[in-house]
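J.: Prediction below, plus the sequence it came from.
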Amino acid sequence: MIFKVLGASASLGVANNMGSSTLVRVVNTDSQERTVTIANTVSKVSGGGDPGAFVLESQSTAFVAKKSTDTIISVAGVKATAVSRA
C-alpha cells in the first residue's frame, strides 16, 4: 500500500486518537505478539466507530481504519502513525 504520513509516530502505551486520523499504520516492534485495542469515545449514534481488538504478530505491520474519535491502545513496543491513502 502506498500511503502519506500525516504525523509523527507514537507509542501506544496510552490511548491515543492519533490526531483524529481515520487510517493508522501500526507496527509491533516487540519480540512477542501484542493485542491492539480500538475503543470508541463517542457512541455510534453520535459518529463513533465499532470497538474491537486484534493480535499483531511480532515485527509485523497492520493498517487500521477507525473513526476520528476512536482511540487505539496497546503496549509501548507497539507504535502507530497517522496516515492516509496516497
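T.: Yep, that arrived.
J.: Run the chain-centre distance for the strand ranked longest in the chain.
T.: Across the chain, the longest stretch assigned as strand under DSSP state E is strand 78-85. Its chain's C-alpha centre and that of strand 78-85 lie 7 Å apart, by C-alpha atoms, centre = their mean, to the nearest Å.
J.: Can you name every helix or strand that that strand contacts?
T.: Judged by 3 or more C-beta pairs under 8 Å, 6 or more residues apart in numbering; DSSP states H and E, the packing partners of strand 78-85 are strand 3-5, strand 10-11, strand 23-28. (Glycine included, C-beta is placed from N, CA and C.)
J.: Mean neighbour count, these: which tops it?
T.: Of all these, strand 23-28 carries the top mean neighbour count, a mean of 21, counting by mean count of other C-beta atoms under 10 Å.
J.: Could you spell out the sheet neighbours of whichever helix or strand comes after it, each with its direction?
T.: For strand 23-28, the following helix or strand on the C-terminal side (DSSP states H and E) is strand 34-39. In the sheet, strand 34-39 lines up against strand 52-56 (antiparallel), strand 71-73 (antiparallel) (DSSP bridges).
J.: now these in CSV, with mean neighbour count?
T.: CSV is the format used below for the strands paired with strand 34-39 (neighbours: other C-beta atoms under 10 Å):
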stretch, mean neighbour count
strand 52-56, 13
strand 71-73, 18
